[in-house]
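Colleague: Below: sequence and its predicted model.
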Amino acid sequence: MNVVAVRLRAVTVLDYVDLDIDVLVGSDGQYSILDVEEFEENAERFNLSAESRANAAAGLDELIKLISDRKFPFDR
């Protein structure tokens, strides 16, 4: 799974920015968070706002909760 920032430009256009953070989930529900250092480096490099950084962290937390609780799409 990728952590991304999504922006709807028009009814038929969806833009997103890959924020570099990936979560690898095994069939047993164990997960690894990858590329956090790359996210931090690029956040500095591209002057990502504090709000965007906080949103990325919140999205990651939400994803981890879905995995831990075995909620869709991690319920199988």
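Modeller: Structure received. Numbers count the residues shown, from 1 in each chain.

Colleague: what separates the biggest helix by length in the chain from the chain centre, distance-wise?
Modeller: Assignment by DSSP state H gives helix 50-68 as the longest helix of the chain. Relative to its parent chain, helix 50-68 has a centroid offset of 6 Å by C-alpha atoms, centre = their mean, to the nearest Å.

Colleague: what are the ranges of the strands in this protein?
Modeller: Taking DSSP state E as the criterion, the chain carries its strands at 2-10, 13-25, 31-34.

Colleague: Worst mean pLDDT among these?
Modeller: Ranked by mean pLDDT, the strands of the chain end with strand 2-10 in last place, scoring a mean of 63.

Colleague: Stretch 41-52: which residues count as buried?
Modeller: Of the residues in stretch 41-52, those buried under the neighbour-count criterion (16 or more other C-beta atoms under 10 Å) are Ala43, Leu48. Backbone N, C-alpha and C define where each C-beta goes, glycine included.

Colleague: mind checking the end-to-end distance for that stretch?
Modeller: Counting by C-alpha to C-alpha, to the nearest Å, the length from the leading to the trailing residue of stretch 41-52 is 14 Å.

Colleague: if I look at the residue nearest to Ile33 when sequence neighbours are not counted, how far off is Val36?
Modeller: Across the structure, with C-beta to C-beta, 6 or more residues apart in numbering as the measure, the residue nearest Ile33 apart from its sequence neighbours is Val23 (5.6 Å). In this structure, Val23 and Val36 are 10 Å apart, going by C-beta to C-beta, to the nearest Å.

Colleague: out of the two, which sits in the more crowded spot?
Modeller: In terms of neighbours (other C-beta atoms under 10 Å), Val23 is the more surrounded of Val23 and Val36; the figures are 17 against 14.
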